[in-house]
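S.K.: this one's structure only:
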């Protein structure tokens, strides 16, 4: 399976991310119950 696209830069609005392997804070359990940023997310 070709994975070049996964490791290539991607854009979210004006933000350019290094690769497409990103995960939201909610996806890894670091967000608060209301979806806001927690102290653990910032650390």
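M.R.: Sure thing, it's come through. Predicted, not measured: the structure shown is a model, and the values here were computed from it. Numbering: from 1, shown residues only.
S.K.: which residues in the chain form helices?
M.R.: With DSSP state H as the definition, the chain shows helices at residue ranges 39-42.
S.K.: so where's it uncertain?
M.R.: 1, 22-27, 43 (pLDDT under 70).
S.K.: So which residues of it form strands?
M.R.: Taking DSSP state E, the strands of the chain run over residues 10-12, 15-17.
S.K.: For residue 33, which of these is the nearest?
M.R.: Closest approach to residue 33 among the strands of the chain (Cβ to Cβ): strand 10-12, 24.2 Å. Quick note: C-beta positions are derived from backbone N, CA and C, even for glycine.
S.K.: Which other helices and strands does that closest one contact?
M.R.: Packing contacts for strand 10-12, counted by 3 or more Cβ pairs under 8 Å, 6 or more residues apart in numbering; DSSP states H and E, involve strand 15-17.
S.K.: how far does the strand it packs on sit from the chain's center?
M.R.: 10 Å (Cα atoms, centre = their mean, to the nearest Å).
S.K.: do the same with stretch 31-43
M.R.: For stretch 31-43, the distance to the chain centre is 13 Å (Cα atoms, centre = their mean).
S.K.: likewise stretch 5-12?
M.R.: 11 Å.
S.K.: about what we covered before: what would the strands of the chain look like in CSV with mean neighbour count?
M.R.: Converted to CSV, the strands of the chain look like this (neighbours: other Cβ atoms under 10 Å):
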stretch, mean neighbour count
strand 10-12, 10
strand 15-17, 9
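S.K.: between those, which gets nearest to residue 40?
M.R.: Per Cβ to Cβ, nearest to residue 40 of those: strand 15-17, 20.9 Å.
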